[in-house]
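S.K.: Here is a sequence together with a model predicted from it:
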Amino acid sequence: MRGMTMIDHIILRVRDYKTSRDFYDAVLATLGYQRLMEFEGTQAGYGADGKPYFWIGEDANPHPRTHIAFAAADRAAVDAFHQTALNFGAKSDGAPGVRENYHPSYYAAFVFDPDGHNIEAVCHTPEGAVKGAAGKAKAVAKKATKAAAKAAPRATAAAQKLAGKAKATAKKAAGKAKAVAKKPARRR
Ligand SMILES: N[C@@H](CCC(=O)N[C@@H](CS)C(=O)NCC(=O)O)C(=O)O
């Protein structure tokens, strides 16, 4: 999901920096994005993997309404995004759900941020695919756990064998050293 994106970064002008920062800290965390940078107490950059894509910057006269759609990894994240925004007192502009008018698996929710910008969280992955991928990941994890459990006793046995060999070699070497020490020193 976090590969190359079409937009490098975008800045929304906001009337009250702290109010908007607290709002976006909470709402974007639901989608897995964090505040990564902050400049002069008036600008904050949010993103993932060290790259801030989305910025807010204080401005006494912010631009009129903008629309921004944030990518969500799954439908549960879209739901959490919407609920968290409402908890902040935001007005909903569309409850979480599929928007068939865009495409059959366009699952989105819309809210207005503190300045009235229309922000959206959207997940394009069909529900079956998400469930299928989760199922596959679970199966792979189960297989790996089984294989590890099977390999562990074999590894232990091999390690024990090696330890035994090392012990025998050490014993032999100690015996030899003792014998050499007992031998009287040869006279010239
Ligand atoms: N209330 C609508 C909102 C739909 C919406 O805002 N769609 C976006 C495109 S994905 C849009 O047209 N934005 C234009 C704007 O906010 O100015 C819904 O729940 O479907």
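M.R.: In hand now; what should we look at?
S.K.: Identify the residues contacting whichever residue of the chain sits closest to the ligand.
M.R.: Proximity of the chain to the ligand (C-beta to the nearest ligand atom) peaks at residue 94, 1.9 Å away. Using the backbone N, CA and C atoms, a C-beta is placed for each residue, glycine as well. Residue 94 makes contacts with 108-110, 120, as judged by C-beta atoms under 8 Å, 6 or more residues apart in numbering.
S.K.: mind listing which of the residues you listed are in strands?
M.R.: Members of the contacts of residue 94 lying in strands (criterion: DSSP state E): 108-110, 120.
S.K.: Between the contacts of residue 94, which sits nearest residue 39?
M.R.: residue 120 (26.0 Å; C-beta to C-beta).
S.K.: near the ligand, which residues of this protein?
M.R.: 67, 69, 93-94, 99, 110, 118, 120 (C-beta under 6 Å from any ligand atom).
S.K.: which secondary element of the chain has the worst mean pLDDT?
M.R.: Here the helix or strand of the chain ranked lowest by mean pLDDT, DSSP states H and E is helix 127-182, holding a mean of 52.
S.K.: wait, doesn't residue 99 sit right on residue 109?
M.R.: No. Contact criterion C-beta atoms under 8 Å: residue 99 and residue 109 do not qualify, at 9.8 Å.
S.K.: hmm, back to that, make TSV out of the residues of the chain next to the ligand and add secondary structure and pLDDT.
M.R.: TSV is the format used below for the residues of the chain next to the ligand (DSSP: H, G, I helix; E, B strand; the rest coil; pLDDT from 0 to 100):
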residue	secondary structure	pLDDT
67	strand	93
69	strand	92
93	strand	97
94	strand	98
99	coil	96
110	strand	97
118	strand	94
120	strand	96
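S.K.: Pull out the buried members of the residues you listed.
M.R.: 99, 110, 120 (16 or more other C-beta atoms under 10 Å).
S.K.: Tell me what the last one is bridged to.
M.R.: So that's residue 120. Residue 120 has these beta-bridge partners by DSSP bridges: residue 69, residue 110.
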